[in-house]
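In: A structural model of the following input is requested.
(chains A and B)
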Amino acid sequence: MEKFTILDLLQLDLKEHDELKLRCVAGRPGLVRDITLPEIDRPGLALSGFFENFAYKRIQVFGRGENSYLQKLEKENNYDAVEKILNYELPCCIFTYGIEPTEEFFKIAEKTKTPILISDLPSSEFSTRIIRVLNNVFAPHQTIHGVLVEVFGVGILIKGDSGVGKSEIALELIERGHRLVADDAINIRCVSGNYLMGKGASVVISHHMEIRGLGIINITHLFGVGAIRDEKRVELIVQLEEWNSKKFYDRIGSEENIDILGIKVPYLVIPVKPGRNIPIIIETAAMNERLKRMGYDSAKEFSSNVMNWLETKSARAYFLEEKYMHR
Amino acid sequence: MIEKKVVIKNRAGIHARPAALLVQTATQFSSKILIEKENEKINGKSIMGVISLGATYQSELNLIVEGDDEVEAVEALVNLFETRFEEC
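Out: Presented below is the predicted three-dimensional model:
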């Protein structure tokens, strides 16, 4: 993974429940320091002079408690602990509740080039947010070639060789009222080992599409903001293939999965040939996926109904035969 | 044209999975394949048709195959019935 510095953290485009409300007040030269761990540390013990196992590689979060202690140290004119803490190569110190650190703390931070950030959020809220944000940054991820769309609320990643018509199919889906997440390069990350989240590899190009014969088009401008979204969970992967008469395609609906970053995602192979309306097939696949999630698997239900029917028939035939034999 | 009588040997009969297998095999051949059970006659290349026969254990089917590769087609289909569609 490439380096993730404090500056990168400040520049992340975070919205709503992810917003960190950070600003840098001191130690600007240190903004190039790396964050290497998606964790935080409360430096209470270190402030009181206990440095064993001090987690100096983590972001140090100063809340109200730590700040009161700093003020107490200031009154006693005792800065040894602060000096010692800031002389570690910390990634940064963050003060919550919008607290401004004490004068002397500022000076030492400037001297040691340790970045001091202030957030207006309360400590508990800030902790949960920063851990979530850092977990997203440090989550295992990979870039996949395809189109990510949201169809009836289901995130579908359409894959296939170039020229098979992925973009055209996505365009038709958008036209039918569904949403585009990103075209071409999709960044997929595994969120807390549970599910996959996909978004455009680059914010600048993600809501644009390249349509052969048209060139680059801007989906937001053409279809409105209702036609796009920033990120979406990947719940189904559709592989488009040129129709091959030698190959067998699924006829009943089997449970096939594909492994991406250790997560199993339902996987469909849909053969493409002129005259097949793929967008409608994808819409149906999305609805079928929803139905499955609600506990109704069309294919399984059908199969078990047929089995029951055959069993009943079989049993009746046997019963009739027995009767006939005894007569 | 070849006609061939087969008996279903797998206990469960022709349910969804064997039907899919049957159709998969049938579509490999260009011959016209019909499956007859009592008075019903259906296209052996249609999955819903094959299931709707309701072919149970020990029921008798009549395969009617006509085309250039009829010999191979009958052989392949009979083989499926003989091997009980990979079931018990």
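In: Now do the residue nearest to residue A:192 when sequence neighbours are not counted against residue B:42, distance only.
Out: Among residues not flanking residue A:192 along the chain, residue A:135 sits closest, at 6.5 Å (Cβ to Cβ, 6 or more residues apart in numbering or on different chains). C-beta here means a position set from N, CA and C on the backbone, and glycine is covered the same way. Separation of residue A:135 from residue B:42 (Cβ to Cβ, to the nearest Å) stands at 56 Å.
In: Between those two, point out the one with more neighbours.
Out: residue B:42 (17 against 14; other Cβ atoms under 10 Å in any protein chain shown).
In: Helix, strand or coil: sort out residue B:55 for me.
Out: Of the three states, residue B:55 takes coil according to DSSP: H, G, I helix; E, B strand; the rest coil.
In: Now that it has come up, it's in contact with residue B:14, right?
Out: Yes - under the criterion of Cβ atoms under 8 Å, residue B:55 makes contact with residue B:14 at 4.2 Å.
In: Give me the common contacts of the two.
Out: Taking Cβ atoms under 8 Å, 6 or more residues apart in numbering or on different chains as the criterion, residue B:55 and residue B:14 both touch A:310, B:8.
In: where exactly do the strands run in the stretch 151-300 of chain A?
Out: Taking DSSP state E, counting those that start in this stretch, the strands of the stretch 151-300 of chain A run over residues A:154-160, A:179-191, A:195-200, A:208-211, A:215-218, A:231-233, A:236-242, A:257-260, A:263-272.
In: Chain B too?
Out: B:2-7, B:32-37, B:40-43, B:60-66 (DSSP state E).
In: Tabulate those strands in JSON lines, adding columns for distance to chain A and mean pLDDT.
Out: Shown next, in JSON lines, are the strands of chain B (distance: least, Cβ to the nearest Cβ, whole Å; pLDDT from 0 to 100):
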{"stretch": "strand B:2-7", "distance to chain A": "13", "mean pLDDT": "92"}
{"stretch": "strand B:32-37", "distance to chain A": "12", "mean pLDDT": "92"}
{"stretch": "strand B:40-43", "distance to chain A": "14", "mean pLDDT": "90"}
{"stretch": "strand B:60-66", "distance to chain A": "12", "mean pLDDT": "92"}
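In: Select, out of those, the one closest to residue A:187.
Out: With respect to residue A:187, and counting by Cβ to Cβ, the nearest of the strands of chain B is strand B:40-43 at 47.3 Å.
In: Packing partners of the closest one?
Out: If contacts are counted by 3 or more Cβ pairs under 8 Å, 6 or more residues apart in numbering or on different chains; DSSP states H and E, strand B:40-43 sits against strand B:32-37, helix B:47-52.
In: Please identify the deepest-packed of those.
Out: Most buried of those by mean neighbour count (mean count of other Cβ atoms under 10 Å in any protein chain shown) is strand B:32-37; its value is a mean of 20.
In: Would you give the sheet partners of that strand, along with the direction of each?
Out: strand B:40-43 (antiparallel), strand B:60-66 (antiparallel) (DSSP bridges).
In: out of the ones you listed, which comes closest to residue A:215?
Out: strand B:40-43 (46.8 Å).
In: Show residues contacting that closest one.
Out: Contacts of strand B:40-43 (Cβ under 8 Å, 6+ apart): B:33-35, B:49-50, B:52-53, B:64.
In: now those as JSON lines including distance to residue A:176?
Out: Below are the contacts of strand B:40-43 laid out as JSON lines (distance: Cβ to Cβ, whole Å):
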{"residue": "B:33", "distance to residue A:176": "38"}
{"residue": "B:34", "distance to residue A:176": "40"}
{"residue": "B:35", "distance to residue A:176": "39"}
{"residue": "B:49", "distance to residue A:176": "32"}
{"residue": "B:50", "distance to residue A:176": "34"}
{"residue": "B:52", "distance to residue A:176": "33"}
{"residue": "B:53", "distance to residue A:176": "38"}
{"residue": "B:64", "distance to residue A:176": "44"}
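In: hmm, back to that, so which elements touch the helix or strand the residue nearest to residue A:192 falls within?
Out: Per DSSP states H and E: residue A:135 is located in helix A:123-138. Where contact means 3+ Cβ pairs under 8 Å, 6+ apart, helix A:123-138 is packed against strand A:40-41, strand A:59-62, strand A:179-191.
In: residues in chain B within reach of chain A, list them.
Out: Residues of chain B lying near chain A by Cβ under 8 Å from any Cβ of the partner chain: B:12-17, B:19-20, B:23-24, B:47, B:51, B:54-57, B:59.
In: One more pass at 10 Å, please.
Out: Residues of chain B that fall close to chain A, judged by Cβ under 10 Å from any Cβ of the partner chain: B:8, B:11-17, B:19-21, B:23-25, B:27-28, B:47-48, B:51-52, B:54-59.
In: Filter these down to just the buried residues.
Out: Buried by 16 or more other Cβ atoms under 10 Å in any protein chain shown: B:8, B:12-17, B:19-21, B:23, B:25, B:27-28, B:47, B:51, B:54-57, B:59, out of these.
In: which ones among those are found in helices?
Out: B:16-17, B:19-21, B:23, B:25, B:47, B:51 (DSSP state H).
In: okay, the helices and strands packed on helix A:123-138, which one's buried deepest?
Out: Sort the helices and strands packed on helix A:123-138 by mean neighbour count, taking mean count of other Cβ under 10 Å, and strand A:59-62 sits at the top with a mean of 24.
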